[in-house]
Structures are given as structure tokens and as C-alpha cells.
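**Q** fold the following and give me the result.
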Amino acid sequence: MTPLDHQEYTRPLNNSESSTNPPASSCRISERTTILARPKSVNSYCHANKEVIRHVTEAALNAVPSARINQLARPKRRKNIYCYDMGRPEFPICKISNTSKYAMASPRVEKLAVPKNVSPECEPDRDARWCVSIKTKLAVATHRTLELSQPLQRKRNLVSTR
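**A** A predicted model of the protein is given here:
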């Protein structure tokens, strides 16, 4: 039997443990099903043992970078503006100029600094207080709840830098 002859071939299932329907087990195999059942052919481009496609030239392998290229290749060193070196506690983190220390706010800035008052028409939707039920007041925590409420005891890694 050739591979193309199996399209006409109907094969009933003899296995009694099969859970397929009898019409499904004896149906005619279509050409599309046969095409989809074939394994994919491997592309000639995708071989595991193929040779390297691009070769690095001898000049590129023996090239010596200039000082400028080395400088550009190094990462930039940027000043960290988000984290201050704390230093000694008696020195401030950042210097404050004397002008800023003795500056006086203008009347406009003083007016803008005053917090807004709550409108007398604004009333809360409900009372912020609520009653606690008697059962809640008399509740006793279980042993497991008390165990879970304790903070974790973590080991300290004391490493000397000397």
C-alpha cells in the first residue's frame, strides 16, 4: 500500500477500551488531514552542525582600541543626588545658606500657607463612631492567633570589616 492509497482506506477500531464514537473510528481520512499529519521538514538553514555564517576579520581580531574608545567604553560615573552621605551627626546633610536661614515670608506666602477651612455646609455622610458588639468585646484570641501575631525572630549576621 502506498502512502497516497490510505485516503480511501477506512480502518475500524478493534480496541474495546476505545472511547471514540463508532462513526469517528471508521471515517474517511481527508487530504487535508493527511497533509496536517505529516511531520514538518527541517529547514536547511536550521542545522545544528552548520558552519558560522559571519566570519570576524583578522583586522578586527587584532585591532587595538584608542584611548578615546576605552574612555567611551567605560560607564559614566554620576553623582548620586538621591542619597546623601550622612557623615557626622553634628554636620547638616546639606548646607543651608545664611540668606535662607533668615529669610522672611511675604504676606502672600503667609496667606497661601494657611490651611483651608472646612465649609459649614460640608457634613460627613455618617458618624465616624460605630458600636462594637458584645461578642467582639468578649472574644479571646486563640493560641495560633497569638503565635502568628508575634514578630519573626531573625538571625543577625554580624560581620566584622576589620
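**Q** C-alpha from now on. contacts and neighbour counts both.
**A** Will do.
**Q** can I get the strand or helix carrying Arg68 as CSV, trimmed to CA atoms?
**A** Following DSSP states H and E, one finds Arg68 within helix 67-73. C-alpha atoms of helix 67-73 as CSV (Å, rounded to 0.1, in the frame of the first residue of the first chain):
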residue,chain,number,x,y,z
ALA,A,67,42.3,55.9,24.5
ARG,A,68,39.2,57.7,23.4
ILE,A,69,37.4,54.4,22.6
ASN,A,70,38.4,53.0,26.0
GLN,A,71,37.1,56.1,27.7
LEU,A,72,33.8,55.9,25.9
ALA,A,73,33.5,52.2,26.8
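**Q** for it, the averaged confidence score.
**A** For helix 67-73, the mean pLDDT works out to 93.
**Q** roughly how far does Ser133 sit from Val140?
**A** According to C-alpha to C-alpha, to the nearest Å, Ser133 stands 14 Å off from Val140.
**Q** any stretches of this protein with poor pLDDT?
**A** Where the chain drops to pLDDT under 70, the residues are 1-19, 44-53, 80-93, 124, 126-128, 157-162.
**Q** strands of that one, start to end?
**A** Per DSSP state E, the chain carries no strands over any range.
**Q** now do the helices in it.
**A** All helices of the chain, identified by DSSP state H, fall at 22-25, 31-37, 58-61, 67-73, 98-101, 107-113, 134-137, 143-149.
**Q** how about those helices, which one is nearest Glu123?
**A** Minimum separation from Glu123 across the helices of the chain (C-alpha to C-alpha) falls at helix 107-113, 24.5 Å.
**Q** how about the helices of the chain in TSV, adding mean neighbour count?
**A** As requested, the helices of the chain are exported to TSV (neighbours: other C-alpha atoms under 10 Å):
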stretch	mean neighbour count
helix 22-25	11
helix 31-37	10
helix 58-61	8
helix 67-73	9
helix 98-101	8
helix 107-113	10
helix 134-137	8
helix 143-149	9
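**Q** let's have these in CSV, adding distance to Ser119.
**A** Below are the helices of the chain laid out as CSV (distance: least, C-alpha to C-alpha, whole Å):
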stretch, distance to Ser119
helix 22-25, 77
helix 31-37, 75
helix 58-61, 76
helix 67-73, 61
helix 98-101, 35
helix 107-113, 18
helix 134-137, 37
helix 143-149, 42
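**Q** nearest to Asp125, out of those?
**A** So among those, helix 134-137 is nearest, using C-alpha to C-alpha, at 25.4 Å.
**Q** so which bits of stretch 115-133 are buried?
**A** Within stretch 115-133, no residue qualifies as buried by neighbour count (16 or more other C-alpha atoms under 10 Å).
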